[in-house]
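Engineer: Kindly return the folded structure for what I paste below:
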Amino acid sequence: MAKNKKINVQGLDIVLYEDNQQDFISLTDIARFKNPAEPKDVVKNWMRSRTTIEFLGLWEQLNNPDFKGVEFDSFLYEAGSNSFTLSPSKWIEATNAKGVVSRQGKNGGTFAHKDIAFEFASWISASFKLYLIKEFQRLKDDENNRLQLDWNLQRTISKINYQIHTDAIKESLVPKAVTSQQASYVYASEADLLNVALFGITAKEWRDANPGKAGNIRDYASLEQLVVLSNMEGINALLIKQGLPQGSRLLQLNLVAITQMKSLIESKAIKRLK
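Structural biologist: Coordinates of the predicted model:
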């Protein structure tokens, strides 16, 4: 279930949430800027306009393959007349709209995709819309910065453990008095052992399959993959010291990767449901 968030726009709390990487903002909260006592009436008045119906219909046609165009045409024909009224729930039920959502319970009300919410805010007040966009963007920037920090932290941990991993290789696998070129073959082989165990391909195979991408396969790893890679480096260092051959270690490391990735993915899915 999507988790609610709040931003404050000119002293007014606006609830929003994210669903399938799409942001939805409370029209009910925005409407309180114009009528604190009866915000739902403000939303209904906005939906009486032919311009609004045209905008909502176009958004659905662009983003919702299950949108019912025949019902939309009926609303468009009636829109603007003195007798025409339309509530969010009626619009959703009749057209199978996805851009507008009615939510029940605490922090419930009418929500809309950010494209639609910004259009509604513009109808309420041009200045309020600008402040809304500014606060919304500030929230998204904060979220992106936190994600980047998390990614950098995991990347740093992975690099630290990789040093421990390569030290174990040098101690246990690299013969004395070898050339640097010979040593590099051993390091590359061990690095690819982890790549194959976790990603299913070697670094060269990834480069051949992605000629237009900069960096390496690990630069495009997810947070979960970086966590597992960090764990695998420590485990491989221990297996090397125990004298296990590469083939046996590959099987064990692959089992570790499968088990830990499943655990992380399932844990993430459970958190999303809460």
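
Engineer: And the next helix or strand past the lowest-mean-pLDDT helix or strand in the chain?
Structural biologist: Every helix and strand in the chain was compared by mean pLDDT, DSSP states H and E; the lowest is helix 180-199, with a mean of 67. Counting by DSSP states H and E, the next helix or strand C-terminal to helix 180-199 is helix 203-209.

Engineer: The helix or strand just after that next one - contacts with which helices or strands?
Structural biologist: Per DSSP H and E, helix 203-209 leads on to helix 223-241 as the next helix or strand towards the C-terminus. Counting contacts by 3 or more C-beta pairs under 8 Å, 6 or more residues apart in numbering; DSSP states H and E, helix 223-241 packs against helix 126-172, helix 180-199, helix 246-273. In short, each C-beta sits where N, CA and C put it, glycine included.

Engineer: list the buried ones in helix 223-241?
Structural biologist: 224-233, 235-237, 239-240 (16 or more other C-beta atoms under 10 Å).

Engineer: before we move on, back to that, worst mean pLDDT among the helices and strands packed on helix 223-241?
Structural biologist: In terms of mean pLDDT, the lowest-scoring of the helices and strands packed on helix 223-241 is helix 180-199 (a mean of 67).

Engineer: Which residue ranges make up each domain of this protein?
Structural biologist: Following automatic domain parsing, the chain resolves into domains at 4-124, 145-273.

Engineer: now, of those domains, which is deepest in the fold?
Structural biologist: domain 4-124 (a mean of 17; mean count of other C-beta atoms under 10 Å).

Engineer: Can you give me the end-to-end span of that domain?
Structural biologist: 23 Å (C-alpha to C-alpha, to the nearest Å).

Engineer: swap in stretch 105-114?
Structural biologist: 21 Å.

Engineer: List the neighbours of that stretch that are in contact with it.
Structural biologist: 4, 15-17, 22-29, 39-40, 43, 59, 63, 88, 98-103, 117, 120, 136 (C-beta atoms under 8 Å, 6 or more residues apart in numbering).

Engineer: tell me the mean pLDDT for it?
Structural biologist: Per-residue scores along stretch 105-114 average to 86.

Engineer: For stretch 232-239, output the C-alpha coordinates as PDB.
Structural biologist: The C-alpha coordinates for stretch 232-239 follow below in PDB (Å, rounded to 0.1, in the frame of the first residue of the first chain):
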ATOM      1  CA  MET A 232      29.800 -12.400  -1.300                       C
ATOM      2  CA  GLU A 233      33.200 -10.700  -1.300                       C
ATOM      3  CA  GLY A 234      33.700 -11.500   2.400                       C
ATOM      4  CA  ILE A 235      32.400 -15.100   1.900                       C
ATOM      5  CA  ASN A 236      34.700 -15.700  -1.100                       C
ATOM      6  CA  ALA A 237      37.700 -14.400   0.800                       C
ATOM      7  CA  LEU A 238      37.000 -17.000   3.500                       C
ATOM      8  CA  LEU A 239      36.500 -19.800   1.000                       C
END
